[in-house]
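[1] Okay, sequence plus prediction incoming.
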Protein chains: 6
Amino acid sequence: MPIVTIQVTREGTMAGAASLTAEEKAVLIKGSSELLRDVLGKPLESTFVVIEEVDTDNWGWGGLPALEFRRRRAAQAG
Amino acid sequence: MPIVTIQVTREGTMAGAASLTAEEKAVLIKGSSELLRDVLGKPLESTFVVIEEVDTDNWGWGGLPALEFRRRRAAQAG
Amino acid sequence: MPIVTIQVTREGTMAGAASLTAEEKAVLIKGSSELLRDVLGKPLESTFVVIEEVDTDNWGWGGLPALEFRRRRAAQAG
Amino acid sequence: MPIVTIQVTREGTMAGAASLTAEEKAVLIKGSSELLRDVLGKPLESTFVVIEEVDTDNWGWGGLPALEFRRRRAAQAG
Amino acid sequence: MPIVTIQVTREGTMAGAASLTAEEKAVLIKGSSELLRDVLGKPLESTFVVIEEVDTDNWGWGGLPALEFRRRRAAQAG
Amino acid sequence: MPIVTIQVTREGTMAGAASLTAEEKAVLIKGSSELLRDVLGKPLESTFVVIEEVDTDNWGWGGLPALEFRRRRAAQAG
């Protein structure tokens, strides 16, 4: 009876999307539940998956808000 | 100084409600705080309760989004 | 399909116990699952409960490790 | 590679603000990442910070919703 | 920069093992990190995975400790 | 009434230590509680801090167990 919690920034990956689409969420739920079944033999119906979308302002990396961190990293790389 | 975290899907149980009502939340807070007091002797004022409402799209069960899982289960049962 | 997470310090409440007993844990599991059933109508078999016991060194309150905080508070009260 | 999760009630501290400002969040991210660097030697870029704002209805203390608990406490003190 | 948290009961799936093996954990880490890369385009090095093993006494299902719940369910099925 | 959760790998930073020392934990508790007080005006006694130490096998980064990821990164840098 595993619980998988997936935390990601609230951002779209598809054109025009400001957050994950229902399809992307369904694929994450399916993939992680199948992983637990394949590796540990857990039946699909005993696994819960919770997806938490976090505003980019509320996510920190490198001591900075996430978008600011990415901007600086891209500037360094470029 | 316990912390109780209650995660539920964001759905109403009352007619017309799209999420938990303030009254339902208050009963969950009271009930879980009293449980910790009665079982472990923790004073009420040392317990925090956090209720997290999760969109049904973001909750997976049986490898599927929650509503889809319930639909299939109901179809099987019926 | 709720998830209830109960975090408490790892301490005994019974003479000679250094942590929660299996009986205390069973009562917490029963009580919190029944709370979700009674308040939100969630069937017992759709609720998961996870109890996390945290070493007292790893729990902070009032800017201090938990035991130190309690000691000072008791001294003030006394 | 630490993860720091900061849960607070969704309330403003600045006049007119109904939640944390982006500046306050940036200071929390910076401060907690630097704390991990200074105490445990963790490089800034290996620390993630997640800030979770919780509606006051969804936060319990003393067996009551948070605002009600504060109101009673203030009444007692006064 | 996703965070994946996998909570499972502390039990072995291999003969003689009382918990997950290091190999099983490595496969869970690889699989969930690749899922985030394949579905959302997240680079592997921006994903953290945390596996939490929970004692069976500390996990509740159906209002009962997990092992007791499984025992009853097996008895019903049989 | 904030809750700060700090997750780190279970490793020593001091010679001979296999995990965080009680002193390091006390500094993390003090520092994060003061941060919440200084930035958001939260009184020290309304903040809980929970430190979770995670075995290095149970922490993944870059699709690998944490120690393996560090080893490869050091080899690349060298």
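    Happy to help now that I have it. None of these values were measured; they are calculated from a predicted model. Residues are numbered from 1 along each chain as shown, chains lettered A, B, ... in the order given.

[2] Just give me the longest helix of chain A.
    helix A:22-40 (DSSP state H).

[3] and the residue of chain A at minimum distance from chain D, what element?
    Proximity of chain A to chain D (CB to the nearest CB) peaks at A:G60, 3.2 Å away. Backbone N, C-alpha and C define where each C-beta goes, glycine included. Element membership for A:G60 (DSSP states H and E) is strand A:59-61.

[4] What of A:V50?
    Going by DSSP H and E, A:V50 is in strand A:48-54.

[5] Which residues does stretch A:12-24 contact?
    A:V8, A:R10, A:E11, A:L28, A:I51, A:E53, B:D57, B:P65, E:V39, E:L40, E:G41 (CB atoms under 8 Å, 6 or more residues apart in numbering or on different chains).

[6] From A:I51, how far out is A:S19?
    10 Å (CB to CB, to the nearest Å).

[7] between the longest helix of chain A and strand A:48-54, how big is the angle?
    Going by axes from the mean of the first three to the mean of the last three CA atoms, to 10 degrees, helix A:22-40 is angled at 130 degrees with respect to strand A:48-54.

[8] What residues sit buried inside helix A:22-40?
    A:24-37, A:39-40 (16 or more other CB atoms under 10 Å in any protein chain shown).

[9] which bits of chain A sit near chain C?
    A:M1, A:I3, A:F48, A:V50 (CB under 8 Å from any CB of the partner chain).

[10] For the nearest residue to the third one once chain neighbours are set aside, list the residues it contacts.
    Read it as A:F48. Ranked by CB to CB, 6 or more residues apart in numbering or on different chains and with sequence neighbours excluded, the top spatial neighbour of A:F48 is A:I3, at 4.9 Å. Each residue near A:I3 by CB under 8 Å, 6+ apart is listed here: A:T47, A:F48, A:V49, A:V50, C:I3, C:F48, C:V50, E:T5, E:I6, E:Q7.

[11] Now with 7 Å, please.
    A:F48, C:I3, C:F48, E:Q7 (CB atoms under 7 Å, 6 or more residues apart in numbering or on different chains).

[12] just checking, what packs against the strand holding A:V50?
    strand A:3-9, helix A:22-40, strand B:59-61 (3 or more CB pairs under 7 Å, 6 or more residues apart in numbering or on different chains; DSSP states H and E).

[13] Direction included, what does that strand pair against?
    strand A:3-9 (parallel), strand B:59-61 (antiparallel) (DSSP bridges).

[14] which of those strands sits most buried?
    strand B:59-61 (a mean of 25; mean count of other CB atoms under 10 Å in any protein chain shown).

[15] could you point out which element follows that strand?
    strand B:64-65.

[16] Do that next one and chain E come into contact?
    No - applying CB under 7 Å from any CB of the partner chain, one finds strand B:64-65 out of contact with chain E, separated by at least 14.3 Å.

[17] Mind giving me the packing neighbours of that strand?
    Against strand B:64-65 (3+ CB pairs under 7 Å, 6+ apart) you get helix A:22-40.

[18] chain center to the helix it packs on, what's the gap?
    Offset of helix A:22-40 from its chain centre (CA atoms, centre = their mean, to the nearest Å): 12 Å.

[19] now stretch A:26-45
    So, by CA atoms, centre = their mean, the centroid of stretch A:26-45 is 16 Å from its chain's centroid.

[20] Can you give the contact residues for that stretch?
    A:2, A:4, A:6, A:47, A:49, A:51, B:60, B:62-65, E:8, E:13, E:24, E:27-28, E:31-32, E:35, E:39.

[21] give me that answer again for 6 Å
    A:2, A:4, A:6, A:47, A:49, B:60, B:62-63, B:65, E:13, E:24, E:27-28, E:31, E:35, E:39 (CB atoms under 6 Å, 6 or more residues apart in numbering or on different chains).

[22] The residue nearest to A:F48 bridge partners, please.
    A:F48, E:Q7.

[23] Now do the residue of chain A closest to chain D, the pLDDT please.
    As predicted, A:G60 sits at a pLDDT of 98.

[24] That one contacts D:V49, correct?
    Yes - A:G60 is in contact with D:V49 according to CB atoms under 6 Å; the separation is 3.2 Å.

[25] how about the nearest residue to A:E11, chain neighbours excluded?
    A:T56 (6.6 Å).

[26] neighbours of that neighbour, just the number please.
    By the criterion of other CB atoms under 10 Å in any protein chain shown, A:T56 has 14 neighbours.

[27] That one and F:I6: what is the separation?
    22 Å.

[28] now A:I3: how far from A:G63?
    Counting by CB to CB, the gap from A:I3 to A:G63 is 30 Å.

[29] er, A:V8 I mean
    A:V8 is 20 Å from A:G63, by CB to CB.

[30] before we move on, what about A:T13?
    Taking CB to CB, one finds A:T13 at 26 Å from A:G63.

[31] Between the two, which is the more surrounded one?
    Taking other CB under 10 Å, A:T13 and A:G63 do not tie; A:G63 has more neighbours (21 against 14).

[32] Read off the pLDDT value for that one.
    Each residue has a pLDDT score; the one for A:G63 is 98.

[33] residues in contact with it?
    Per CB under 6 Å, 6+ apart, neighbours of A:G63: D:K30, D:S33, D:L44.

[34] so where's chain A uncertain?
    Residue ranges of chain A with pLDDT under 70: none are present.

[35] got the contact list for the closest residue to chain F within it?
    The nearest approach of chain A to chain F comes at A:Q7, 12.0 Å away (CB to the nearest CB). Taking CB under 6 Å, 6+ apart as the criterion, A:Q7 is in contact with A:E52, A:V54, E:I3.
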